[in-house]
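Colleague: below is the sequence, then the predicted model.
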Amino acid sequence: MPFGELPTFVNYLIKFVDILVVWFVIYKLIMVVRGTKAIQLLKGIIVIILVRIVSSFIGLSTLQWLMDQAITWGFLAIIIIFQPELRRALEQLGRGKLFSRSTTPEEEEQTHMIEAIVKATEYMAKRRIGALISIERETGMGDYIETGIPLQAHVSSELLINIFIPNTPLHDGAVIIQKNQIAAASCYLPLSESPFISKELGTRHRAALGISEVTDSITVVVSEETGAVSVTKNGELYRDLKLDVLRELLTKELVQPKTTSSSRWQWRAKKSG
């Protein structure tokens, strides 16, 4: 049956799918150029098109001719100007990633934050530099942030390492991360009064447990004596974590909080207290 003889409903459905696919492709292309200078050039192209429409509407023939020339030759200019973005889009298409699920800007920031924490933890653990990093979640930590030195800095491994270098002004106390930023350093956290904590654990571990008992934060501890990495969450202490387990935990809890398998990491860690 020829296309024109298809039922009216089928014709409308095909047109709807056609428009939907086009919009989806445009959306994915916008995601590719998002965050690059190409997005500013796209805004300029939109301005040229709007000026062309307005000049045609009110009869500005010279301006209309100039805009026509800009649009006519603009396609060639787009290929030249957007060469890096077009190459990246073609590479992603070849890898099958162009139409995969796009991460949100917030997820990208959280992933960057996690990598910075893991990298800093690895550096400090190897050199036995004591560290205490608490990440705010739903329960506000404003009262504890006020006890420290406000920073409001971008999270980076270099900054975290410098904060905890011994004998520096900010090394004593905790770093609190709020909304993917280092809100403050040298913060005081409440010490846990649990009688079941091992006597071999020091003040950092007691502070990490204490804050996990009163908030839903996740706290990373690096032991100054052994270089061992621990994490506290919901009043529980998980000791001697490998870096891949630490990365998995932070990703499951911060980037993918609704994943049903978020507790899978627990059996891989040694629980204490």
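Modeller: Looks like it arrived, so ask away.

Colleague: can you map out the strands along the chain?
Modeller: Using DSSP state E, the strands of the chain run over residues 131-135, 149-154, 174-178, 181-187, 218-222, 229-233, 236-239, 270-272.

Colleague: so for residue 26, which of the ones you listed sits nearest?
Modeller: With C-beta to C-beta as the criterion, residue 26 lies closest to strand 149-154 of these, at 31.8 Å. Where you see a C-beta, it was placed from the backbone N, CA and C, and this is true even at glycine.

Colleague: the closest one - contacts with which helices or strands?
Modeller: strand 181-187 (3 or more C-beta pairs under 8 Å, 6 or more residues apart in numbering; DSSP states H and E).

Colleague: residue 48 is nearest to which of the strands of the chain?
Modeller: strand 149-154 (35.8 Å).

Colleague: which of the residues in the closest one are buried?
Modeller: 151, 153 (16 or more other C-beta atoms under 10 Å).

Colleague: quick revisit: would CSV of the strands of the chain with mean pLDDT and distance to residue 79 be doable?
Modeller: Listed next are the strands of the chain as CSV, based on pLDDT from 0 to 100; distance: least, C-beta to C-beta, whole Å:
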stretch, mean pLDDT, distance to residue 79
strand 131-135, 96, 45
strand 149-154, 93, 35
strand 174-178, 95, 43
strand 181-187, 95, 39
strand 218-222, 96, 47
strand 229-233, 94, 50
strand 236-239, 91, 54
strand 270-272, 49, 58
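
Colleague: want to throw those into JSON lines with distance to residue 48?
Modeller: Output for the strands of the chain, formatted as JSON lines (distance: least, C-beta to C-beta, whole Å):
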{"stretch": "strand 131-135", "distance to residue 48": "46"}
{"stretch": "strand 149-154", "distance to residue 48": "36"}
{"stretch": "strand 174-178", "distance to residue 48": "43"}
{"stretch": "strand 181-187", "distance to residue 48": "38"}
{"stretch": "strand 218-222", "distance to residue 48": "49"}
{"stretch": "strand 229-233", "distance to residue 48": "54"}
{"stretch": "strand 236-239", "distance to residue 48": "58"}
{"stretch": "strand 270-272", "distance to residue 48": "63"}
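
Colleague: what are the ranges of the helices in the stretch 151-273 of the chain?
Modeller: In the stretch 151-273 of the chain, the segments counted as helices under DSSP state H, counting those that start in this stretch are 157-164, 203-214, 243-250.

Colleague: nearest to residue 65, of the strands of the chain?
Modeller: Going by C-beta to C-beta, the one of those nearest residue 65 is strand 149-154, 48.4 Å.

Colleague: for the helices of the stretch 151-273 of the chain, which one ends up most surrounded?
Modeller: helix 203-214 (a mean of 22; mean count of other C-beta atoms under 10 Å).

Colleague: what's that one in contact with?
Modeller: 130-132, 134, 139, 141, 144, 174, 189-194, 197, 217-221, 223-224, 230, 232-237, 273 (C-beta atoms under 8 Å, 6 or more residues apart in numbering).

Colleague: tally up the residues packed near residue 69, please.
Modeller: Neighbour count for residue 69, taken as other C-beta atoms under 10 Å: 10.

Colleague: check the one 10 residues further on too.
Modeller: Applying other C-beta under 10 Å, we find 10 residues neighbouring residue 79.

Colleague: next: residue 80.
Modeller: 8.

Colleague: now do it, the pLDDT please.
Modeller: At residue 80, the predicted lDDT confidence score is 74.
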